[in-house]
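Q: any chance you could fold what I've pasted below:
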Amino acid sequence: MKGFSIEQGDVLLSIQLVLTREEESGKRLLAKPAAAGAASRRLQPTVARPRPANLRPAPSPSVPQRQPAIPPVPSIPSTRSGTAPHSAGPPLMVDPLTGVGTLHALRRDWMLQQAWPGSGAEPSAVVALDVAGLDGIREAMGAQAGNQVLKSLVDVAPFTLRTQDRVYRSGRNQLALLLPATDEAGAESARKGLEDALQRTLAGRGYPEIRLSARKVDAVALAS
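A: Predicted structure coming up:
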């Protein structure tokens with residue numbers, strides 16, 4: 001009996017040892033896959049989750065850029081008279097106040113007469129007429145009164161001069177006459193006729209006596 005008990009005890013101990021080893025072996029087998037899964041998860045690369053298309057990153061605060069300074073506009077140089085230079089254009093041929101030709105028109109007409117001279121023995125004469133005392137009339141009676149003297153002188157010219165004679169305005173208080181085939185006596189006759197006709201026209205209007213002075217214009221000045 002005693003021998004049987006020892007042998008039976010050995011057998012039971014052996015079975016218990018075997019079961020214990022199998023249980024521990026099973027635990028180790030279960031632990032290995034779990035550890036391997038954790039290790040594989042650590043080794044897998046991290047993949048960024050896609051951002052929705054309609055979401056944009058918040059703009060970073062930008063530093064305002066300094067705008068370049070705008071250079072000043074260059075000033076237009078002034079002429080000697082203090083006015084800005086006017087743009088080049090066609091010359092003015094008609095005086096806006098009196099309606100007669102200007103110096104440009106006088107120069108053009110004189111050169112045409114030189115190119116096609118008439119049959120007269122005397123050449124064309126250019127006479128400058130100065131209206132004496134016109135500035136005093138403007139100061140005493142106003143600018144319109146002075147302008148009226150010039151207009152009246154132009155108005156009486158067709159009734160005093162010849163058909164081929166022409167009148168031009170050459171200055172503030174000055175007119176010019178283009179007299180084809182006219183000598184000095186003919187130029188003086190034209191001046192006297194205009195002066196008398198002007199006095200008759202202005203008579204009774206409060207104007208003082210107006211005199212016209214005539215001087216011959218050098219043809220070289222017209223050709224230049």
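
Q: would you map out the domains in this protein?
A: 1-34, 103-223 (automatic domain parsing).

Q: which of those domains is buried the deepest?
A: Mean neighbour counts were taken over these using mean count of other C-beta atoms under 10 Å, and the top value, a mean of 16, falls to domain 103-223. Heads up, the C-betas are built off the backbone N, CA and C, glycines and all.

Q: for this protein, what spans make up the helices?
A: Using DSSP state H, the helices assigned to the chain run over residues 2-43, 103-115, 134-141, 143-160, 184-202, 219-223.

Q: where among the ones you listed is the average confidence lowest?
A: Per-stretch mean pLDDT for those is lowest at helix 2-43 (a mean of 53).

Q: quick revisit: in CSV: the domains of the chain, plus distance to residue 97.
A: Converted to CSV, the domains of the chain look like this (distance: least, C-beta to C-beta, whole Å):
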stretch, distance to residue 97
domain 1-34, 115
domain 103-223, 6
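
Q: for residue 89, which of these is the nearest?
A: domain 103-223 (12.0 Å; C-beta to C-beta).

Q: can you tell which of the domains of the chain is closest to residue 91?
A: domain 103-223 (4.1 Å).

Q: gap between residue 124 and residue 116?
A: Going from residue 124 to residue 116 by C-beta to C-beta, to the nearest Å gives 11 Å.

Q: nope, residue 141 is what I was after
A: Distance of residue 141 to residue 116, computed by C-beta to C-beta: 44 Å.

Q: and for residue 181?
A: Applying C-beta to C-beta, the value for residue 181 to residue 116 is 13 Å.

Q: now swap in residue 197 and tell me
A: 30 Å.

Q: grab the nearest non-local neighbour of residue 91.
A: The spatially closest residue to residue 91, leaving aside those adjacent along the chain, is residue 104, at 4.1 Å (C-beta to C-beta, 6 or more residues apart in numbering).

Q: residue 209 too?
A: Nearest to residue 209 is residue 199, by C-beta to C-beta, 6+ apart, at 7.0 Å.

Q: okay, how far is it across stretch 128-138, tip to tip?
A: In stretch 128-138, first residue to last residue: 21 Å (C-alpha to C-alpha, to the nearest Å).

Q: hang on, the residue nearest to residue 209 packs against residue 210?
A: Yes: under the criterion of C-beta atoms under 8 Å, residue 199 makes contact with residue 210 at 6.7 Å.

Q: anything in contact with each of the two?
A: Shared contacts of residue 199 and residue 210 (C-beta atoms under 8 Å, 6 or more residues apart in numbering): none.

Q: run through who's touching stretch 139-156.
A: Residues outside stretch 139-156 that contact it (C-beta under 8 Å, 6+ apart): 97-100, 129, 131, 134-135, 137-138, 167, 169, 173, 175, 194, 197-198, 201-202, 206-207, 210.
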